[in-house]
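> got a structure for you, letters missing:
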Ligand SMILES: Cc1cc2nc3c(=O)[nH]c(=O)nc-3n(C[C@H](O)[C@H](O)[C@H](O)COP(=O)(O)OP(=O)(O)OC[C@H]3O[C@@H](n4cnc5c(N)ncnc54)[C@H](O)[C@@H]3O)c2cc1C
C-alpha cells in the first residue's frame, strides 16, 4: 500500500555520519526525500516497486508455456522481471531454476530460457567490449552515413506529442513507469532511428535515463541491432505488424488512423522510402521468397536458418 | 581478512549477493554514485554525448531494493565513500562481488590502493569453459543451450 510505512531491515551496526535514511512514513515521503537528495533527477517514483519481495511475487506467476505463445503481444504474459534481473535482485541462475521448477516438457520452456540466454549473451559481450559497446560494431546497412543521423532528440519526442498515438503512448509509458514491452521498445527505437533518423546512441541514452532495467549492454546492443550496426539489416515494422501485436489499441483513437500513418505501407515500400539504395540490402533480402511473410512475424537475420528462436533478437516469433 | 566490510554495487542487490552470503552480519555499504547518476559514465550514457541525469524512477527502484538488504546507504564518490565506511568500521579489507561493468572494475582498482579487495563470483547462468564465439547470438546459443538444459531434471510420473 502506498500509505504504509517503509522500514529498511535493521542493521546490526551503528549508523555513521553521512548515511542516508532507511525509514519513511510512506512511499510519498520516500519520493520527497529522494527529490531532495537527488535534485537533478527528473520525475518521481515508478509504480513498479523495487525489492526481492516484489520480484518473488512476479516469479511465482511465471508461466513458461503461455509465455512462449503470447510474449509478442503487448498485453501478453511476459515476466516483467527485467529490472530485478538487471540489478541482481534475482540472479539469472535463480530465474533459470524457477523456470525449471515449472517445466513439465522442455519444449514448453525453451523460449523463456532462450530469452534469459539473450541477457547472458549481452553481458558476455559487455565483458568483451567494455565501454566500446557505444561504438558502431559494424557499418550501417541503411545506405546512410552515420553522420546523417541527428544527435539530439526532437522536442515532440521528449514531450510525447509526435501525433502518433502508438509512439506517444510508448513514450508516456517509458517516462511514467520506466518499463516497456520488448515489442514497444523495438517499434519506438525503429521509429527514432529510421523514420526520424536520430543516432541510435541518442535513443539509447534516453532509454537509460528512464528504464528501470536500463543496462548498457542489453540496451546499446539492442539499439545497434535495430539500427543495423549489429545485424545484417535494419529492423523496421509496418502498421499491420504493430496493429496486430498491440491489438489495435493505439490505432483505434489515433488521429492518423485513416490518413497519414507513416507505418501504413508494405515492407518494400517502407524500405524504398527509408533507406538509400544499397546493393547488399537487396542481396540479403531475397533469401526467403516472400519478404512480407518473413517480416510480419519474425524479421531479421533468420532468413537462412531453421530456428527463429536462436537467430533473432528477442524479436517476434511466428505464431505456431 | 579478519574484519572486512562488504561493498554492495548495483549489479547485485539481492540476497544471493555472494558477499552477503559469505559474511552475514558484517557491515555492508552501497554508494549512490553521483557522477553515474548525473549521466557522466558509460554505464548511464553515451560517452560522446552531453550527459543527461538518470530519472528519479531508477534511483527509487534501487532504493527500494536496498531497503530490503542489510546495507548502509551513502552517496558521492564511490571509492571514497567505501573507504570512509571501511575506516569507520576498522576494516582490514573489502569483500564485493563480480560485475560486468568496467566502472566497477575501475572503482575496485582504486580501492585496492588502500585495502585488499576480495571479489566473489556470482553463480553463472551457464558455465562455458574456454573461449566463446560471441559473433552472433546463434553461435553462442548453439554452445550454451545444451549446457543450460543439462541442469534440468524431467519431473517423475
Ligand atoms: C531498443 C531496446 C532496448 C532494450 N533495453 C534493455 C535494457 O536496457 N535492459 C534490459 O534488461 N533489456 C533491454 N531490452 C530487452 C528486452 O526488451 C527487455 O529485457 C524485456 O522487454 C524486459 O521485459 P520482461 O522482463 O517482461 O521480459 P521477458 O520477455 O519476460 O524475458 C525474461 C527476461 O529475459 C531477459 N530478456 C528478454 N529479452 C531480452 C533481450 N532481448 N535482451 C536481453 N535480455 C532479455 C530479461 O532479463 C527479461 O527480464 C531492450 C530491447 C530493445 C529492443
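Everything's here; your move. Everything numeric here is computed off the predicted structure, so don't read it as measured data. Numbers count the residues shown, from 1 in each chain, chains lettered A, B, ... in the order given.

> Ramachandran coordinates for the closest residue to chain B within chain A?
Residue nearest to chain B within chain A: residue A:50 (3.1 Å; C-beta to the nearest C-beta). To be clear about C-beta, it is placed using only N, CA and C from the backbone, and glycine gets the same treatment. Residue A:50 adopts backbone torsions of phi -80, psi 170, taken as degrees, to the nearest 10.

> Any idea how many residues pack against the residue in chain B that the ligand sits nearest to?
Of all residues in chain B, residue B:137 sits closest to the ligand, at 9.2 Å by C-beta to the nearest ligand atom. The number of residues packed near residue B:137 is 24, by other C-beta atoms under 10 Å in any protein chain shown.

> quick revisit: how confident was the prediction at the residue of chain A closest to chain B?
Looking at residue A:50, its pLDDT is 98.

> With residue A:302 instead?
Per-residue pLDDT puts residue A:302 at 33.

> Show me where the stretch 151-300 of chain A has its helices.
For the stretch 151-300 of chain A, applying DSSP state H, counting those that start in this stretch gives helices covering A:155-158, A:165-177, A:182-190, A:200-210, A:216-227, A:239-245, A:267-274, A:279-285, A:291-298.

> on contacts alone, who are the packing partners of the helix of greatest length in chain A?
Across chain A, the longest stretch assigned as helix under DSSP state H is helix A:106-129. On a contact count with 3 or more C-beta pairs under 8 Å, 6 or more residues apart in numbering or on different chains; DSSP states H and E, helix A:106-129 meets helix A:64-70, helix A:92-101, helix A:216-227, helix A:308-311, helix B:137-149.

> and that helix with the ligand, contact?
Yes - residues of helix A:106-129 are located near the ligand by C-beta under 6 Å from any ligand atom, namely A:115-116, A:118-119, A:122.

> contacting residues around residue 103?
By default, I'm working from chain A. Listed by C-beta atoms under 8 Å, 6 or more residues apart in numbering or on different chains, the contact set of residue A:103 reads A:64, A:109, B:152, B:155.

> hm, I was asking about chain B
Taking C-beta under 8 Å, 6+ apart as the test, what residue B:103 contacts is B:33, B:36, B:41-43.

> Kindly state the domain boundaries assigned to chain B.
For chain B, the structural domains run B:4-123, B:127-157, going by automatic domain parsing.

> Run the contact check for the longest one versus the ligand.
Right, domain B:4-123. No - figure legend: domain B:4-123 not in contact with the ligand (C-beta under 6 Å from any ligand atom); closest approach 10.8 Å.

> Quick one: end-to-end distance for that domain.
22 Å (C-alpha to C-alpha, to the nearest Å).

> which stretches of chain B form strands?
B:4-7, B:28-33, B:72-76, B:93-97, B:117-120 (DSSP state E).

> which secondary structure elements does the fourth one contact?
I take that to be strand B:93-97. Short answer (3+ C-beta pairs under 8 Å, 6+ apart): strand B:93-97 packs on strand B:4-7, helix B:18-22, strand B:117-120.

> The nearest residue in space to residue A:143 that is not next to it in sequence: how many residues sit nearby?
Leaving aside its sequence neighbours, residue A:143 sits nearest to residue A:276 (C-beta to C-beta, 6 or more residues apart in numbering or on different chains; 3.0 Å). Residues lying near residue A:276 (other C-beta under 10 Å) number 11.

> what's near enough to touch residue A:276?
A:142-144.

> In strands only, show me these.
Per DSSP E, the contacts of residue A:276 never map to strands.

> For the closest residue to chain A within chain B, list the residues it contacts.
Distances between chain B and chain A by C-beta to the nearest C-beta are smallest at residue B:64, namely 3.1 Å. Applying C-beta under 8 Å, 6+ apart to residue B:64 gives the contacts A:6, A:30, A:49-51, A:54.

> per-residue confidence at it?
pLDDT, residue B:64: 98.

> Could you do residue A:281 as well?
The model's pLDDT for residue A:281 equals 50.

> try residue A:311
At residue A:311, pLDDT is 37.

> can stretch B:141-151 be found next to chain A?
Yes - using C-beta under 8 Å from any C-beta of the partner chain, stretch B:141-151 reaches chain A at B:141-142, B:144-145, B:148-149, B:151.

> so how far is residue A:179 from the closest residue to residue A:177 other than its chain neighbours?
Among residues not flanking residue A:177 along the chain, residue A:46 sits closest, at 5.2 Å (C-beta to C-beta, 6+ apart). For residue A:46, the distance to residue A:179 equals 7 Å [C-beta to C-beta, to the nearest Å].

> Mutual contacts of the two, please.
In contact with both residue A:46 and residue A:179: residue A:212, using C-beta under 8 Å, 6+ apart.

> Can you list the buried residues in stretch B:149-157?
B:149, B:152 (16 or more other C-beta atoms under 10 Å in any protein chain shown).

> Residue B:122 contacts residue B:100, correct?
No - using C-beta atoms under 8 Å, residue B:122 is not in contact with residue B:100; the gap is 10.0 Å.

> list the contacts for residue A:73?
So residue A:73 contacts A:183, A:245-247 (C-beta under 8 Å, 6+ apart).

> Show me which residues of chain A sit near the ligand.
A:71, A:78-82, A:85-86, A:115-116, A:118-119, A:122, A:181-182, A:185-186, A:189, A:207, A:211, A:213-215, A:218-219, A:222-223, A:226, A:313-314.

> Buried among those? Make that a PyMOL selection.
In PyMOL, this line selects whichever of the residues of chain A next to the ligand come out buried by 16+ other C-beta under 10 Å:
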select buried, chain A and resi 71+78+79+80+81+82+85+86+115+116+118+119+122+181+182+185+186+189+207+211+213+214+215+218+219+222+223+226+313+314
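
> so where is chain A shaky, pLDDT-wise?
A:1-2, A:279-320 (pLDDT under 70).

> and if you look at chain B?
Low-confidence regions of chain B, defined by pLDDT under 70, span residues B:157.

> hmm, back to that, quick check: which of the helices and strands packed on helix A:106-129 is buried the most?
Comparing these by mean neighbour count (mean count of other C-beta atoms under 10 Å in any protein chain shown), helix A:216-227 ranks first with a mean of 25.

> returning to what we had before: check the offset of the longest helix of chain A from the chain's centre.
Its chain's average C-alpha position is 15 Å from that of helix A:106-129, according to C-alpha atoms, centre = their mean, to the nearest Å.

> Determine the angle, from 0 to 180 degrees, between that helix and helix A:182-190.
Relative orientation of helix A:106-129 versus helix A:182-190 (axes from the mean of the first three to the mean of the last three C-alpha atoms, to 10 degrees): 40 degrees.

> Tell me how far residue A:211 lies from residue A:16.
Computed as C-beta to C-beta, the residue A:211 to residue A:16 distance reads 32 Å.

> and what of residue B:129?
For residue B:129 relative to residue A:16 (C-beta to C-beta), the value is 43 Å.

> who does residue B:32 bridge with?
With DSSP bridges as the criterion, residue B:32 is bridged to residue B:75.

> doesn't residue B:72 make contact with it?
No - the pair residue B:32 and residue B:72 fails to qualify as a contact (C-beta under 8 Å) at a distance of 11.8 Å.

> Just want to know which of those two has more residues nearby.
Neighbour totals were compared for residue B:32 and residue B:72, and residue B:72 leads with 26 against 21 (other C-beta under 10 Å).
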